[in-house]
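Trainee: Sequence first, predicted coordinates after that:
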Amino acid sequence: MEAVKKAGVKEPFNLSKRIEWLRNYYFSGDQRDWNNEFSAFSTGTSWDEVFDETSFFIVPEVYSFFPTFRKSFQMAARTIRPPQGFFSLGIAERRAWFIKEAILNHVPQEILPGDLIAGGRFNMMASRCWSKEEAKARNKKILSKHGIRKATFEFQDRGYGNCGATSGHLIPDYPRVLKEGFSGIQADLRAKLDALSPKERAGAKGAQLRAMLTSCEMPVELAAKYAYLCQALAEEESDVVRRQELLDMRENLLRVPNLPARDFYEALQSLWLTHMLVLTDENYPGAGVSFGRIDQYLLPYWQKSIQNGISREFGKEILKCFWMHCNFAYDAMIKTGNQGITAGYGQLFNLSGLGKDGADMTNELTWVFLEVIDEMSPILEPKPNVRLHEHSPEALLDKVVDMISTSQGAPFLLNFDERSMAGMLEEAKRAHVEHLIHEDNVFEYASVGCLENTMCGNDRSATVDCNPNLVKAVELALGNGQDLVAYTDALWGKPYPAETTAPKTGDPRAFQDFESFYQAFLTQLHYIMDRMAALYERSTEVRADYAPTPYLSCLVRGCAEQAKDCTQGGAELSFVTVEGVTFATTVDSLLAIQYLVYEKKLCSMDTLMKALQANWQGYEILQAQAKNRAPKYGRDDDTADAFAQRLMRDWSDIVWSYRTKSTNAQFRPGMLSWNYWIGSGFILPATPDGRARGQFLSNAICPVNGADTNGPTGNANSVGKALGGRTEAGEIVNLLPNGASHTITLSPSLMRDSERREKLKNFLRGYIQNGGTALQINILDAETLKDAQQHPENYRNLLVRITGYNAYFTSIGRELQNEIIARESHNRY
Amino acid sequence: MTMIRYLDIQRMSSEDGPGLRTTLFFKGCSLACAWCHNPESIAKKFQIHWLSSRCIGCGSCEGVCPNGALLRGESGVLIDRRLCTGCRACVSACPALALECKGTDAEPDVLCRELIKDKAYFGRDGGVTLSGGEALLQEGAVELLRLLKAEGIQTAVDTCGMVFSEQLEAALPYTDVLLYDLKLMNDADHQRWTGRSNSLILRNLGTAARWAKGNGRLWIRTPVIPGATDSEENIRAIGERIQAIGGAERWELCAFNNLCIDKYRRLDIDWAFQNSPLITRRHMEQLLAVARSTRACEDIRATGALGNEE
């Protein structure tokens, strides 16, 4: 069935009564009588801690709630008395026991009406299980006067950005569970434990493996409990069809995830229980815990089920139940407004993409997933990411474009294989892990979180742990190592001392040429990275010492082999990704300094500094020149883009020079800005590109709002060049293995008929050649147009085009703008 | 090399021929259609625009005009078009891009480099379109087409047909798609609304049709303008002519749009169509039916925005 193409908001369609009920039930939010709110558990000791704030050091908007969260979870926690000798075990062993006990015996098992998949409540805040001494030592590191918390707040308040060892953001080795079951994993762990020397067994390695063994029992025993529940429900069930469904579920649960899955239904049940317990184990509802190439590894199970005679529709029905389970993750903080939905979660999966020898891997299950996405959307979880490449089939592009055209924005992210894979191979070379990432397996990469590229099942790249504001280095270079403005503590409003430890790079007023300024800037950029790496080291060390995730470690290759938790660098591939924030603002600021001060001599460095300190007040002409006359990244201007690439090379070289001591993880570069580019815009002072304080900074790899005056193709070309462009031999280069977030807005007029949609396909084909690693497409709507009326400066690139006539929306009169808005609202083309 | 005077380059254009295109709008036209949606493309001379929405009121433009053509008043910047020579002194002085000069001169090879930046997006059917104004009035157009073909780019020319026949014939060997405007069949009406007779246009149409029967692609375009070209009679007459000459691949009825009203204001022109309504869906459907009844060609379609039903 094809999507109903009608104007206005996309609606779900083709849903059975069961799915419609589950979907509506989900959206009834805190009106529901059932939800998946955090439940908190404590060991009941006076020193116990439940909430671990380190996961939230990268979420500045919750900094002020830390003391509240810490206390309220402590107070809300129910006590589970640990057994004798508990505190003589290793922390990982204690946590494994405690979480298993809590989820099995203290969290109720429930199945919603009609649901075909078991695994309801899983959000949990569990005791950190520290001994009194451990709690004291750990808290000193975090909470003391010179502790990590204070240093983290100051880092953010002074405009450097943020960092912290956070949870999720990886793809567990789910295919292994489907293939071997937890019994297989358990046997392997047992063998590895047996192979340890007595000394090792008595030490950290033995403790880690024993903890993982305990964790392996958790999903198996939970499945047994759910099987029992299905049995009980079936006995009470009068409807014969539902009764049979419950009995079928029982059969599944008696087998998986303990044993290998044999068909699609077992595979999905196994996958869900396995996945949801990762969120339990991390005490975080799915921060980028992703499924990887789901249409690839589930395919054999799907084919088996179809052979066995299940209908395609029933297969989709199970999948839709799976969809709903992913959404209930958001219930964690359901009473905090907006149903607890935040941008902070994200259970991603990839579809299609390249395989061995350049083969396209689109398969029958890819289509099933696409249909389910189409029929279920708009809905937030799980988050699809469709991989495209030069040989993606026409039919896939047709479907992609069709789905984009019926939604307000693409209901999925697009990932671009050639550019992404070039980045992963660059990573292999830079980090000397060619044995783990090479030509014969690089196509098996997938995305976590929002769009961050990693390998599958053996890779924790800590993709959102470090988020520096690159433009801070411009400020420090202008200030000769001092801030340009005074910064204050966001919580108390107390001013910070003016001193910084930044190097004295020289009074910029004395610099004879731009190159001198640029070198000073690079020195400051190095300083920012030094400072961030040092702060991150403290945070990741505390996590490695005190916050193991033994269950998750069972699902990450390398942890069992090294008998190391994945928080300790146990994964075969352990990276820390530095997501450079404010890239375009930084490029444009440097270009503006070059243009205003050195090339055109429109002002002196002294005047520019004063203008920035005055937030451009009294310097409006200079500001206008900076905004409009200085060159900008994002409009396919080869000179500006070459400079953007130079900065990208210099910055990524700096990033590659760091490694953590405590977890031996290599730093790697990426660009994703989550929501920081908005918040930090109010912290950082005016920038030389003409931006005033309070205006947004640039987002990820995107040009500054409104700078892309040559439209989407020019914008995409600039992005491709900034990422490294191509070698002289024509090979795609990507300096950011993590990838870079790129968002563009297109006019709905490009979707209005099949001929136009064909043109959009051409755009995507061109993007594969010239663009970035990942793309989010927004379809411009009346709301956007209204915002464009309010803030024309952000929409200078917004083209309104109706038959041969071309005009920038912001350059036409108000009445006509209103008329276009009215037309857009009616979508009358 | 001959310079080309152009108005603008429009990338990712979806409306100027098949596929995704980069369109170069030439400046200067041989017709002066009363409804023209690109009025700044009619005159070949440089023209200064003032965009009030961009103006920051800084006064940088004051006193910079060597001819005293620019005046800052209560309601903003006024330009005395009799005195303005398009020297750009005011444009250079404006830090906010609120003063724009319509018209830029560039050599064909420079333009060619700029126009092919989106080659990756052209795909099988996209390319570069020369539009206007009237591209074929300028000698440089043929040279530019030749350069584009040498780069392997698919080319389209959007013409009003009011050009020297030799120029059209010189351009056709380097043209893949010809977008040819037919506005009015009645010559008196044609003169009234465009300022010129349609006889040369119809003669050149014959040349275009012969070329199309070789291996060219000919798309006819008719602007549907309320009260001017939107009579059934006119559409029927155009359709019959297209049918008679043969060779056309497509005929587009392009609905009138009024989004250029500000452009007229900025050029200080009182526009005859400023209060004209959009073509309604019903009216367009009637005209389409008439058009199809003439069997002018296989593919006949309407494009552009339609007004709400009354």
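Mentor: Arrived safely.

Trainee: Residues of the stretch 151-300 of chain B that sit close to chain A?
Mentor: Listed as neighbours of chain A in the stretch 151-300 of chain B under the rule C-beta under 8 Å from any C-beta of the partner chain: B:254-255, B:257-263, B:265. Where C-beta positions appear, they are placed from N, C-alpha and C, glycine not excepted.

Trainee: Which of those fall within strands?
Mentor: The strands, defined by DSSP state E, take in B:254-255 from these.

Trainee: give me the number of residues near the residue of the stretch 201-310 of chain B found nearest chain A?
Mentor: Nearest residue of the stretch 201-310 of chain B to chain A: B:G304, at 3.4 Å (C-beta to the nearest C-beta). If you count neighbours by other C-beta atoms under 10 Å in any protein chain shown, B:G304 ends up with 23.

Trainee: Which element is encountered next along the chain beyond the strand or helix carrying A:F643?
Mentor: Using DSSP states H and E, A:F643 maps to helix A:638-656. On the C-terminal side of helix A:638-656, the closest following helix or strand by DSSP H and E is strand A:666-670.

Trainee: now that next one against helix A:638-656, angle please.
Mentor: Inter-element angle recorded for strand A:666-670 and helix A:638-656: 160 degrees (by axes from the mean of the first three to the mean of the last three C-alpha atoms, to 10 degrees).

Trainee: Does A:P468 belong to a helix, a strand or coil?
Mentor: Assigned with DSSP: H, G, I helix; E, B strand; the rest coil, A:P468 falls in the strand class.

Trainee: likewise B:E169?
Mentor: Secondary structure state of B:E169, per three-state DSSP, is helix.

Trainee: now it: how far from B:M162?
Mentor: As judged by C-beta to C-beta, to the nearest Å, B:E169 and B:M162 stand 15 Å apart.

Trainee: what does A:F65 give?
Mentor: When C-beta to C-beta is applied, the distance between A:F65 and B:M162 equals 71 Å.

Trainee: So for these two, which residue has more residues nearby?
Mentor: Taking other C-beta under 10 Å, A:F65 and B:M162 do not tie; B:M162 has more neighbours (22 against 15).

Trainee: Tell me which stretches of the stretch 151-300 of chain B form strands.
Mentor: Secondary structure of the stretch 151-300 of chain B, counting by DSSP state E, counting those that start in this stretch: strands at B:155-159, B:177-181, B:217-224, B:248-255, B:299-303.

Trainee: can you put these in JSON lines and add distance to A:A740?
Mentor: Shown next, in JSON lines, are the strands of the stretch 151-300 of chain B (distance: least, C-beta to C-beta, whole Å):
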{"stretch": "strand B:155-159", "distance to A:A740": "34"}
{"stretch": "strand B:177-181", "distance to A:A740": "37"}
{"stretch": "strand B:217-224", "distance to A:A740": "39"}
{"stretch": "strand B:248-255", "distance to A:A740": "40"}
{"stretch": "strand B:299-303", "distance to A:A740": "37"}
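
Trainee: Can you report how many residues lie near the residue in the stretch 101-250 of chain A positioned nearest to chain B?
Mentor: Closest contact between the stretch 101-250 of chain A and chain B, by C-beta to the nearest C-beta, is at A:G159 (27.5 Å). The burial count assigned to A:G159 is 22, neighbours taken as other C-beta under 10 Å.

Trainee: That one sits in which helix or strand?
Mentor: Assigned by DSSP H and E, A:G159 belongs to no helix or strand.

Trainee: okay but it is in contact with A:S680, surely?
Mentor: Yes: the pair A:G159 / A:S680 is scored as a contact, 6.4 Å apart, by C-beta atoms under 8 Å.

Trainee: Can you pull the residues that touch both of those two?
Mentor: A:N469 (C-beta atoms under 8 Å, 6 or more residues apart in numbering or on different chains).

Trainee: how about the residues of the stretch 501-650 of chain A near chain B?
Mentor: Selection of the stretch 501-650 of chain A residues close to chain B by C-beta under 8 Å from any C-beta yields A:620-622, A:624-625, A:627-629, A:636.

Trainee: The residue of chain A most remote from its centre in helix, strand or coil?
Mentor: Going by C-alpha atoms, centre = their mean, the residue of chain A most distant from its centre is A:S238, 44.6 Å out. When classified by three-state DSSP, A:S238 comes out as coil.

Trainee: Mind giving me the packing neighbours of the helix holding A:F643?
Mentor: Helix A:638-656 sits against helix A:514-546, helix A:583-593, strand A:666-670, helix A:711-722, with contacts defined as 3 or more C-beta pairs under 8 Å, 6 or more residues apart in numbering or on different chains; DSSP states H and E.

Trainee: ok, then the element right after the first one?
Mentor: Right, helix A:514-546. Note on helix A:514-546: by DSSP H and E, the next helix or strand toward the C-terminus is helix A:550-554.
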